[in-house]
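Peer 1: dropping the sequence and predicted coords here.
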Amino acid sequence: MPITLGADFDRGVLEAAGVNPNNAQLGTVQIDALPTDGDVTVRYTAIATAPAAVIRELVCQTADSNTHAGADDVPAQ
């Protein structure tokens, strides 16, 4: 059962992992196992910004390529 230890805990974990907490959604930090030694895998939701025009262009390019992907494999009706 997941538990939340708060934003300060999340910040500390992210900083220990070398992640800027300002680029993460606090409250999403997950630690699946805590071994007595070695590294710990930390999962979190990242936050980033990108120019809208670039994202729109990527959406159009991807949608266009997916629309035509495999078109030659479709049997004629």
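Peer 2: Thanks, I have the structure now.
Peer 1: next, the contact list for residue 9, please.
Peer 2: Counting by CB atoms under 8 Å, 6 or more residues apart in numbering, residue 9 makes contact with residue 29. (Each C-beta comes from the backbone N, C-alpha and C, glycine too.)
Peer 1: now the helices for the protein?
Peer 2: For the chain, the helices defined by DSSP state H cover 7-16, 52-68.
Peer 1: rounded mean pLDDT for the last one, please.
Peer 2: Read that as helix 52-68. Summarised as a single mean, pLDDT over helix 52-68 is 89.
Peer 1: quick one: distance of the helix or strand bottoming out on mean pLDDT in the chain to the chain centre.
Peer 2: Within the chain, no helix or strand scores below helix 52-68, which has a mean of 89 by mean pLDDT, DSSP states H and E. Centroid separation for helix 52-68 versus its chain: 20 Å, with CA atoms, centre = their mean, to the nearest Å.
Peer 1: other SSEs contacting that helix?
Peer 2: Packed against helix 52-68, as judged by 3 or more CB pairs under 8 Å, 6 or more residues apart in numbering; DSSP states H and E, are no other helices or strands.
Peer 1: what sits up against that helix?
Peer 2: Outside helix 52-68, no residue touches it (CB under 8 Å, 6+ apart).
Peer 1: render the CA-only coordinates of it in PDB, please.
Peer 2: C-alpha atoms of helix 52-68 as PDB (Å, rounded to 0.1, in the frame of the first residue of the first chain):
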ATOM      1  CA  ALA A  52       3.500  25.000 -28.700                       C
ATOM      2  CA  ALA A  53       4.500  25.400 -32.300                       C
ATOM      3  CA  VAL A  54       7.000  22.600 -32.000                       C
ATOM      4  CA  ILE A  55       4.500  20.300 -30.300                       C
ATOM      5  CA  ARG A  56       1.900  21.000 -33.000                       C
ATOM      6  CA  GLU A  57       4.400  20.300 -35.700                       C
ATOM      7  CA  LEU A  58       5.300  17.000 -34.100                       C
ATOM      8  CA  VAL A  59       1.700  16.000 -33.700                       C
ATOM      9  CA  CYS A  60       1.000  16.800 -37.400                       C
ATOM     10  CA  GLN A  61       4.100  14.900 -38.500                       C
ATOM     11  CA  THR A  62       3.300  11.900 -36.400                       C
ATOM     12  CA  ALA A  63      -0.400  11.800 -37.200                       C
ATOM     13  CA  ASP A  64       0.400  12.100 -40.900                       C
ATOM     14  CA  SER A  65       3.100   9.300 -40.800                       C
ATOM     15  CA  ASN A  66       0.700   7.000 -38.800                       C
ATOM     16  CA  THR A  67      -2.100   7.600 -41.200                       C
ATOM     17  CA  HIS A  68       0.000   6.400 -44.100                       C
END
